[in-house]
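K.L.:
fold the following.
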Amino acid sequence: MAKKSTRKPNAAFMKPVTPNAKLAAVVGDKPLPRTELTKKLWAYIKKNGLQDKKNKRMINADDALKAVFGGKAQVSMFDMTKLVSKNLS
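P.N.:
Next comes the predicted model:
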């Protein structure tokens, strides 16, 4: 009989991170777990229609996101997480 193991969420993901001033303009300045941060980021992208219409994997940055993305006008959703990490403490 196999013992059923309950899956624990990764503690690193749940540890609150603090966005810097550039990122706070998009997701707010309260410390929050990475999971919530990503949700808020996507909510912002969808609300402002920043997902590229032709290529859904690309995010078109508005002025607030351009600051977070290091001045890039367009980034892929995979590069986005890497760029966002640079704006956390």
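
K.L.:
next SSE downstream of the helix or strand that contains I45?
P.N.:
For I45, the host element (DSSP states H and E) is helix 34-47. Next along the chain after helix 34-47, taking DSSP H and E as the criterion, comes strand 58-60.

K.L.:
next, the buried residues of that following strand.
P.N.:
Residues of strand 58-60 classed as buried by neighbour count (16 or more other Cβ atoms under 10 Å): 58-60. (C-beta placed from N, C-alpha, C; glycine too.)

K.L.:
burial check on N87, number of neighbours?
P.N.:
21 (other Cβ atoms under 10 Å).

K.L.:
list the buried residues of the helix holding I45.
P.N.:
Residues 34, 36-38, 40-41, 44-45 are the ones in helix 34-47 that count as buried (16+ other Cβ under 10 Å).

K.L.:
try stretch 46-56
P.N.:
Neighbour-count burial for stretch 46-56, counted by 16+ other Cβ under 10 Å, picks out L50.

K.L.:
alpha carbons only: can I get it in PDB?
P.N.:
Only the C-alpha atoms of stretch 46-56 are listed here, as PDB (Å, rounded to 0.1, in the frame of the first residue of the first chain):
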ATOM      1  CA  LYS A  46      -4.300  42.000 -19.800                       C
ATOM      2  CA  LYS A  47      -6.000  45.100 -18.400                       C
ATOM      3  CA  ASN A  48      -3.900  47.400 -20.600                       C
ATOM      4  CA  GLY A  49      -3.900  45.100 -23.600                       C
ATOM      5  CA  LEU A  50      -0.100  44.800 -23.700                       C
ATOM      6  CA  GLN A  51       0.000  41.200 -25.000                       C
ATOM      7  CA  ASP A  52       1.100  41.200 -28.600                       C
ATOM      8  CA  LYS A  53      -2.000  40.500 -30.900                       C
ATOM      9  CA  LYS A  54      -0.100  38.400 -33.400                       C
ATOM     10  CA  ASN A  55       2.500  36.700 -31.200                       C
ATOM     11  CA  LYS A  56       0.800  36.000 -27.800                       C
END
